[in-house]
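**Q** mind folding the following:
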Amino acid sequence: MNDTSWQPEPVPAGPAYDAQVGPHTRPMPIVPDAAGRDFDDREARDRGVAADSGPLFRADTPPQEPMPSPPPPHAQQPQDASPPPKKRAGRDLRAAIGVGVGLGAVIFASLLIVKAVFVGVIVVAVVVGLWELTSRLQEQKGIKAPLVPLAVGGAAMVIAGYVRGAEGAWVAMALTVLAVLVWRMTEPPEDYLKDVTAGAFAAFYVPFLATFVAMLLTADDGPQRVITFLLLTVVSDTGAYAVGWRFGKTKLAPRISPGKTREGLFGAVAFAMAAGALCMEFLIDGGSWWQGLLLGLAVAVSATLGDLGESMIKRDLGIKDMGTLLPGHGGIMDRLDSLLPTAPVVWLLLAAFVGTG
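**A** Coordinates of the predicted model:
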């Protein structure tokens with residue numbers, strides 16, 4: 001005889017179980033109702049109340065309507081669904097192009113007239129850039145880098161680099177930092193170290209790097225070298241913007257500049273190398289196209305790093321632009337970000353390829 005013959009037949013759960021009560025039915029648990037009274041499911045069944053396997057329900061609870069089923073995947077979308085937004089540039093392109101053309105006209109006119117006039121343009125850009133940088137440092141961080149010794153020393157640095165070369169630029173740089181240290185002594189000692197450190201950084205970052213542009217101008221083909229430097233930097237930025245805006249997907253440095261992509265960097269390299277080959281072949285005396293390829297590659301890298309460095313500074317300060325002087329561009333420093341670190345790279349490579357004469 002099988003051991004299971006004595007066991008009661010299994011009773012399925014659900015409404016069928018509630019309707020059939022057999023001899024082997026287990027006693028129903030006694031549970032309190034909503035008012036706190038105890039009764040069993042058998043009594044509820046006798047009164048016509050449906051029992052449930054979960055918490056008890058009141059007899060007058062209205063039946064719930066069935067949940068609407070989700071539409072099938074192939075269901076047609078409503079006709080008024082709006083299309084995804086198109087890509088838009090982050091700035092006013094008309095204003096940016098107009099300002100860029102105006103700045104280019106001033107630069108080229110000063111280069112073609114007298115070299116000294118272009119040196120004056122560099123000095124003006126340096127002084128305005130220092131004013132923007134020191135103003136933002138004081139507004140956002142409370143850092144008081146003294147502007148007067150920086151502006152005077154920065155102008156002297158550019159002129160000394162044009163007249164005396166690298167040696168004159170280094171001497172002017174040292175004297176400018178010394179002037180910052182002394183000038184800051186006229187104020188209370190609180191935050192002295194922070195202020196003079198920021199002043200030394202500003203002296204190196206803006207006027208000292210800009211001095212290499214003036215040193216490019218001292219060669220016999222100086223205007224052509226400056227044009228090559230400016231053209232390659234602008235072409236690199238344009239290639240990065242155009243390719244990145246159209247094809248950019250992989251972020252280059254999302255924590256620093258979320259808008260920059262690796263595809264944009266490849267565009268900058270390709271555009272700058274092509275422009276470098278043309279400039280070295282047709283503008284620079286004694287230059288060769290293969291040298292232009294190397295020059296364009298170096299410019300694309302240095303311009304990108306300079307842009308990222310400026311973005312790092314602005315993120316630390318919590319601002320979008322360094323200024324509002326140039327519509328569509330921001331401030332002077334927002335245009336010098338790629339140019340400043342690129343100037344010593346171009347000067348050094350041109351000196352290695354064709355000399356400094």
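**Q** so for stretch 278-293, what gets flagged as buried?
**A** Within stretch 278-293, the residues scored as buried using 16 or more other CB atoms under 10 Å are 278, 279, 280, 283, 284, 287, 291, 292, 293. The way it works is simple: take the backbone N, C-alpha and C, and place the C-beta from them, glycine included.
**Q** residue 138: which of those is nearest?
**A** The shortest approach to residue 138 among the buried residues of stretch 278-293 belongs to residue 279, at 40.2 Å (CB to CB).
**Q** what is the burial count for the closest residue to residue 182 other than its chain neighbours?
**A** Nearest in space to residue 182, with sequence neighbours left out and distances taken as CB to CB, 6 or more residues apart in numbering, is residue 149 at 7.9 Å. Neighbours of residue 149 under the rule other CB atoms under 10 Å: 21.
**Q** residue 149 is in what secondary structure piece?
**A** helix 147-184 (DSSP states H and E).
**Q** which helices and strands sit right next to the helix or strand hosting residue 211?
**A** Using DSSP H and E, residue 211 sits within helix 209-217. In terms of contacts (3 or more CB pairs under 8 Å, 6 or more residues apart in numbering; DSSP states H and E), helix 209-217 is packed against helix 115-141, helix 147-184, helix 222-247, helix 339-354.
**Q** residues making contact with that helix?
**A** 115, 118-119, 122, 125-126, 154, 157-162, 165-166, 169, 172, 222-223, 225-226, 229, 336, 339-341, 343-344, 346-347, 350 (CB atoms under 8 Å, 6 or more residues apart in numbering).
**Q** next, the angle from that helix to helix 147-184.
**A** Using axes from the mean of the first three to the mean of the last three CA atoms, to 10 degrees, the inter-axis angle of helix 209-217 relative to helix 147-184 is 130 degrees.
**Q** how far out from the middle of the chain is helix 209-217?
**A** Its chain's C-alpha centre and that of helix 209-217 lie 28 Å apart, by CA atoms, centre = their mean, to the nearest Å.
**Q** again with stretch 276-293
**A** 32 Å.
**Q** can I get that stretch in CSV, CA atoms only?
**A** What follows is stretch 276-293 as a C-alpha-only set of coordinates in CSV (Å, rounded to 0.1, in the frame of the first residue of the first chain):
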residue,chain,number,x,y,z
GLY,A,276,50.8,73.6,-42.4
ALA,A,277,52.0,71.9,-45.5
LEU,A,278,50.7,74.7,-47.7
CYS,A,279,52.1,77.5,-45.5
MET,A,280,55.6,76.0,-45.2
GLU,A,281,55.7,75.4,-48.9
PHE,A,282,54.5,78.8,-50.1
LEU,A,283,54.9,81.3,-47.2
ILE,A,284,58.1,80.4,-45.2
ASP,A,285,61.5,80.9,-46.9
GLY,A,286,63.3,77.6,-47.1
GLY,A,287,60.3,75.6,-45.8
SER,A,288,59.1,72.2,-47.0
TRP,A,289,55.7,70.6,-47.1
TRP,A,290,56.7,67.7,-44.7
GLN,A,291,57.9,70.3,-42.2
GLY,A,292,54.4,71.8,-42.5
LEU,A,293,52.8,68.5,-41.6
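**Q** I'd like the average pLDDT over it.
**A** For stretch 276-293, mean pLDDT rounds to 95.
**Q** hmm, who's touching that stretch?
**A** 220-221, 224-225, 227-228, 231-232, 273, 275, 294-297, 299, 349-350, 353-355.
**Q** need the buried ones from these selected in ChimeraX.
**A** Command for ChimeraX that selects the buried part of these, burial taken from 16+ other CB under 10 Å:
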select :221,224,225,227,228,231,232,273,275,294,295,296,297,299,349,350,353,354
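**Q** and the angle from the helix or strand where residue 279 lies to helix 339-354?
**A** Assigned by DSSP H and E, residue 279 falls within helix 262-282. Using the same axes, to 10 degrees, the direction of helix 262-282 lies 40 degrees away from that of helix 339-354.
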